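**Student:** return a 3D structure for these sequence lines:
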Amino acid sequence: MDSRYEVVIGLEVHVQLTTKTKIFCGCSKDFGQEPNSQTCPVCLGLPGALPVLNKQVVEYAIKTGLATNHQIAPRSIFARKNYFYPDLPKGYQISQFELPICEHGWLNIETEELGKKKVGITRIHMEEDAGKLIHSDGNSSAVDLNRACTPLLEVVSEPDMRSADEAIAYLKQLHQIVMYLGVCDGNLEEGSFRCDANVSVRLWGQKELGTRAELKNLNSFRFIKQAIEYEVERQIDVIDDGGKVVQETRLFDADAGTTRSMRGKEEAHDYRYFPDPDLVPLVVDHAWVERVRAELPELPEAKLQRYQDELGLTEYDAGVISSERAVAEYFEALVGLHNNAKICANWVMGELSRALNENDIAIADCPVTPDLLAGILNRIADNTISGKIAKKVFEEIWQSGKTADQVIEEKGLKQVTDTGAIEAILDEIIAANQSQFEELKGGKEKLMGFFVGQVMKASKGKANPGMVNQLMQKKLKG
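**Tutor:** Have a look, this model is predicted:
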């Protein structure tokens, strides 16, 4: 990045909502169904068909607005955004323009290089999605209108971001929030959460914004970062070569890692917005807003802070645990059953996470429930089993669904805490390895691990490691 230039980035994020039906009709919006099987006269734009607003979409808009510090408009209006494209059956898109439902919001982000920063959000508005064009290898395209009329929230940021890293931090924060709220499934590959990036550069100290390019076709955080970084360098090269950056829409080619021109960028007046005559103004009273506010879950930023302040977790551990709502809920249920939050966090981030990843299972479907895992941790705490044996118990519970006590009893895994029995094993090990024992007494401390390991092996992992260490110290002093 050329230090003479400052990058300016604004993001437009389309959040596809998890309602069962579309925004203005009763058609299902399930992904992956037979093309054009989830349509009706309303979403096909047939003459005489009238839209009816889905109340759940409004609830989700209010919820998202409150979670991102917006003012909720008591009165908002739907508008027609006019343009012609084969995937837009009505010839216009129902959206909001002059009076959106949410305005003047913000999010806190944090990057390693610049620390914490507030990013403004201009607005959130409701709109319907277009259909989808499917291009063949030849010269023809097919249109699938299943997606037409699917409910979206468009989240429009201020041009407050100054690097690709800041843009990704903002997107991940917004993605986390809509997932926590349950208003979006967050699937980037299926287009449930998709982003257009407006990117421009200007000389440091220059007040007016540079000419921007809008980047489309961005369906992963990695590609968004690559596209922004490439576009910044492209614009700087254009300016340094004496040219002018053209305001346009550009597509990102993930294979080549480059952007290419798609079309000239439209301005708002190009869409000839006007209020939709088929939809009356939307009125949201104070009581409705406050009811939704009362139903908001604890959001990730607040949860992360509480885990540090009340449970004593490190910032890193708290961040990992709070990153997904389902993981946080599992962890909190576990802490309610076993009061050592650090141990609970270690197991959730360690053994549990490993097993979930290896088996490609979501935590909601985990066979080791919080009460079953708490049973393992409680047996570690009372010295019934060691941490090493606990992993074997975990694997058995994963397969069988039995409790820790049942597995320990059936498999004979109870830890040996009888000092006499452990000392007898230790004496045999020392007798068989007298020269190593003398070296240990002479100061070769690395051999301590050898003797402890031999005792654990001889006891099939059942000896209490703490007791083994204590007895070894006693032998060395004797």
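**Student:** quick one: neighbours of the nearest residue to residue 307 once chain neighbours are set aside, just the number.
**Tutor:** Spatially, and ignoring its direct neighbours in sequence, residue 307 is nearest to residue 318 (3.7 Å; C-beta to C-beta, 6 or more residues apart in numbering). No exception for glycine: its C-beta is placed from N, CA and C like everyone else's. For residue 318, the number of neighbouring residues by other C-beta atoms under 10 Å comes to 23.
**Student:** repeat for residue 257
**Tutor:** 12.
**Student:** surely it touches residue 228?
**Tutor:** No. Here residue 257 lies out of contact with residue 228, judged by C-beta atoms under 8 Å, at a distance of 11.9 Å.
**Student:** got a list of what the residue nearest the centre of the chain touches?
**Tutor:** In the chain, the residue lying closest to the centroid (C-alpha atoms, centre = their mean) is residue 176, at 4.4 Å. Neighbouring residues of residue 176 by C-beta atoms under 8 Å, 6 or more residues apart in numbering: 300, 323-324.
**Student:** at 7 Å instead, please
**Tutor:** 300, 323 (C-beta atoms under 7 Å, 6 or more residues apart in numbering).
**Student:** ok, now how distant is it from residue 110?
**Tutor:** 13 Å (C-beta to C-beta, to the nearest Å).
**Student:** so where's this protein uncertain?
**Tutor:** Across the chain, residues meeting the criterion (pLDDT under 70) sit at 1, 265-269, 415-418, 421, 478.
**Student:** buried sites along the longest strand seen in it?
**Tutor:** Ranked by residue count and defined by DSSP state E, the top strand of the chain is strand 115-128. Residues 117, 119, 121-128 are the ones in strand 115-128 that count as buried (16 or more other C-beta atoms under 10 Å).
**Student:** and which of those residues is nearest to residue 284?
**Tutor:** residue 126 (11.5 Å; C-beta to C-beta).
**Student:** in the sheet, who's paired with that closest one?
**Tutor:** residue 153 (DSSP bridges).
**Student:** three-state assignment of residue 371?
**Tutor:** Here residue 371 is helix, with the state taken from DSSP: H, G, I helix; E, B strand; the rest coil.
**Student:** ok, for it, nearest residue in space, not its chain neighbours?
**Tutor:** residue 337 is the one closest to residue 371 (C-beta to C-beta, 6+ apart), at 5.9 Å.
**Student:** where does the closest residue to residue 271 other than its chain neighbours land in three-state SS?
**Tutor:** Leaving aside its sequence neighbours, residue 271 sits nearest to residue 81 (C-beta to C-beta, 6+ apart; 4.6 Å). Here residue 81 is strand, with the state taken from three-state DSSP.
**Student:** let's have the chain start at 57 instead
**Tutor:** Renumbered: residue one is now 57, and that last one reads residue 137.
**Student:** so residue 137 touches residue 151, yeah?
**Tutor:** Yes. Residue 137 is in contact with residue 151 according to C-beta atoms under 7 Å; the separation is 4.7 Å.
**Student:** quick check, nearest of the buried residues of strand 171-184 to residue 66?
**Tutor:** Looking across the buried residues of strand 171-184 and measuring by C-beta to C-beta, the closest to residue 66 is residue 178, at 8.4 Å.
**Student:** what residues does that closest one make contact with?
**Tutor:** 212-214.
**Student:** please enumerate the strands of the stretch 107-256 of the chain.
**Tutor:** Along the stretch 107-256 of the chain, counting by DSSP state E, counting those that start in this stretch, strands occupy 127-128, 131-132, 135-138, 148-151, 158-167, 171-184, 188-191, 197-200, 207-213, 249-259.
**Student:** of all those strands, which lies closest to residue 331?
**Tutor:** Going by C-beta to C-beta, the one of the strands of the stretch 107-256 of the chain nearest residue 331 is strand 135-138, 5.6 Å.
**Student:** neighbouring strands for that closest one, and are they parallel or not?
**Tutor:** Strand pairing (DSSP bridges) places strand 135-138 next to strand 148-151 (antiparallel), strand 330-331 (antiparallel).
**Student:** and of these, who's closest to residue 278?
**Tutor:** Closest among those, once you apply C-beta to C-beta, is strand 148-151, at 29.2 Å.
**Student:** just the C-alpha atoms of that closest one, please, in CSV.
**Tutor:** C-alpha atoms of strand 148-151 as CSV (Å, rounded to 0.1, in the frame of the first residue of the first chain):
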residue,chain,number,x,y,z
TYR,A,148,-38.9,-2.9,-10.2
GLN,A,149,-37.7,-3.9,-6.7
ILE,A,150,-39.7,-3.0,-3.6
SER,A,151,-37.3,-1.3,-1.2
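**Student:** how near is the residue nearest to residue 363 to residue 226?
**Tutor:** The gap separating residue 374 from residue 226 is 20 Å, by C-beta to C-beta.
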